[in-house]
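> No sequence on hand, only this structure:
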């Protein structure tokens, strides 16, 4: 049954279900939008070029010893 159908009755169960559904859709959409915008900003800012962000090895000695990137 669809909301544009003549038999549709807006009762508490419909408000609760559709309220939860739209709340979830909005939260997921905002999260995805944030991730996309952050990715674009980081890429334009040059943060994504040539490295993976944080240096988990403590120093760049492993790069110098191996003669290049891993």
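Yep, it's here. What you see is a predicted model; the values in this text were computed from it and never measured.
> Could you list the low-pLDDT ranges of the protein?
1-3, 5-6, 48-70 (pLDDT under 70).
> ok, which stretches of it are helices?
Ranges of helices in the chain, per DSSP state H, are 12-44, 61-66.
> Columns mean neighbour count and distance to residue 4 on top of those, output as a markdown table?
(Glycine included, C-beta is placed from N, CA and C.) Converted to a markdown table, the helices of the chain look like this (neighbours: other Cβ atoms under 10 Å; distance: least, Cβ to Cβ, whole Å):
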| stretch | mean neighbour count | distance to residue 4 |
| --- | --- | --- |
| helix 12-44 | 10 | 13 |
| helix 61-66 | 10 | 62 |
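> neighbours around residue 47, how many?
13 (other Cβ atoms under 10 Å).
> Okay, it and residue 26: tell me how far apart.
28 Å (Cβ to Cβ, to the nearest Å).
> what do you get for residue 4?
Counting by Cβ to Cβ - residue 4 and residue 26 are separated by 22 Å.
> and what of residue 41?
22 Å.
> go on, residue 19?
Note on residue 19: its distance to residue 26, by Cβ to Cβ, is 11 Å.
> anything in contact with each of these two?
Shared contacts of residue 19 and residue 26 (Cβ atoms under 8 Å, 6 or more residues apart in numbering): none.
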